[in-house]
Each structure stands twice: as C-alpha cells, then as structure tokens.
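**Student:** return a 3D structure for these sequence lines:
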Amino acid sequence: MRYAFLFLSASLLLGCSSEPTTNLTETDSATSTETIDPQTASGPVSESDAIVIDVRSQEEWDDGHVEQAVHIPHTEIADRIGEVTDDKNAKIVVYCAVGGRAGKAKTKLEELGFTNVENAGGYDDIKQQYE
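**Tutor:** This next block holds a predicted model:
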C-alpha cells in the first residue's frame, strides 16, 4: 500500500492535462448536456491535472467525495468516460471504497485504450492528496 501511495504521489507530480468536455446533467441524463471542466467542476484544481473519478455508488458519493472528483459508478465507466475525456493519454485516477471497484474501472478503461489510468485505492487513501 505504501508503494502505491508513493507511486500515486509521483504520478500526481507529473500529471497530464485534460480538456473540457460534455457532461450529462443529473436531471436528464439521457438528453441534456452541459460543458464542464473536470478539474474545476466540483472544486479547485489540486496540484495535479489528473482527472479524478469516484467509481463508488451514489450513496457513497453523497456521503463524501474528493472535491475535484467526477462521479461515474464503476458499472457505468465504459459508457460514460466520454463525458469526461476522449483523450486516451489523459491521466485518470480512479478510486472507490478500498480499491476493488477502482481496479475493475481501471481494467475497463485500459480495455477501451486509455493508457494512463491509476487505481488510487480507497477514498481514505486519496482524500488527503486532493483536499
């Protein structure tokens, strides 16, 4: 776990840029869109330009999340990653409660061709890094 944290820290220092994209709104996810910048949509940009994605359930998200994060449950990651970025080289950091669902999301994103995806583990592991 310590090595994962060190790797995450080093990765955050290197960071990559992402581009503003289109995001479905919560009120009409099937038809309504708005332009968002994942780095500023939920709060201030941290030291990293990574796209942070919380892959937990809605209830877990509602209980607390990294301020910079975008919420996409792991079961929806393949269908909704385009809302956040189409850049296959963008730095994407995924997290869940302890790392299992983030691992599934990471694998799915890599299968889709994303090359710079990191499983940051659980919420407790990542929140101090971004808040």
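**Student:** give the residue spans of this protein that score low on pLDDT.
**Tutor:** Where the chain drops to pLDDT under 70, the residues are 1-48, 131.
**Student:** isn't residue 115 up against residue 87?
**Tutor:** No. Contact criterion CB atoms under 8 Å: residue 115 and residue 87 do not qualify, at 9.8 Å. From N, CA and C alone the C-beta is placed, and that goes for glycine too.
**Student:** out of the two, which sits in the busier spot?
**Tutor:** residue 87 (17 against 12; other CB atoms under 10 Å).
**Student:** secondary structure class for that one?
**Tutor:** coil (DSSP: H, G, I helix; E, B strand; the rest coil).
**Student:** quick one, phi/psi of it?
**Tutor:** phi -80, psi 110 (degrees, to the nearest 10).
**Student:** which stretches of this structure form strands?
**Tutor:** 21-24, 33-36, 51-54, 70-71, 92-96, 117-122 (DSSP state E).
**Student:** now the angle from the fifth one to strand 117-122?
**Tutor:** In other words, strand 92-96. Strand 92-96 runs at 30 degrees relative to strand 117-122, counting by axes from the mean of the first three to the mean of the last three CA atoms, to 10 degrees.
**Student:** partner strands of strand 92-96 and their direction?
**Tutor:** Using DSSP bridges, strand 92-96 pairs in its sheet with strand 51-54 (parallel), strand 117-122 (parallel).
**Student:** buried ones in the first one?
**Tutor:** In this case it means strand 51-54. Buried positions in strand 51-54, judged by neighbour count with 16 or more other CB atoms under 10 Å: 51, 52, 53, 54.
**Student:** alpha carbons of it, as CSV, please.
**Tutor:** What follows is strand 51-54, C-alpha atoms only, in CSV (Å, rounded to 0.1, in the frame of the first residue of the first chain):
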residue,chain,number,x,y,z
ILE,A,51,-8.9,13.6,-14.0
VAL,A,52,-10.2,12.1,-10.7
ILE,A,53,-13.1,9.7,-10.9
ASP,A,54,-15.0,8.4,-8.0
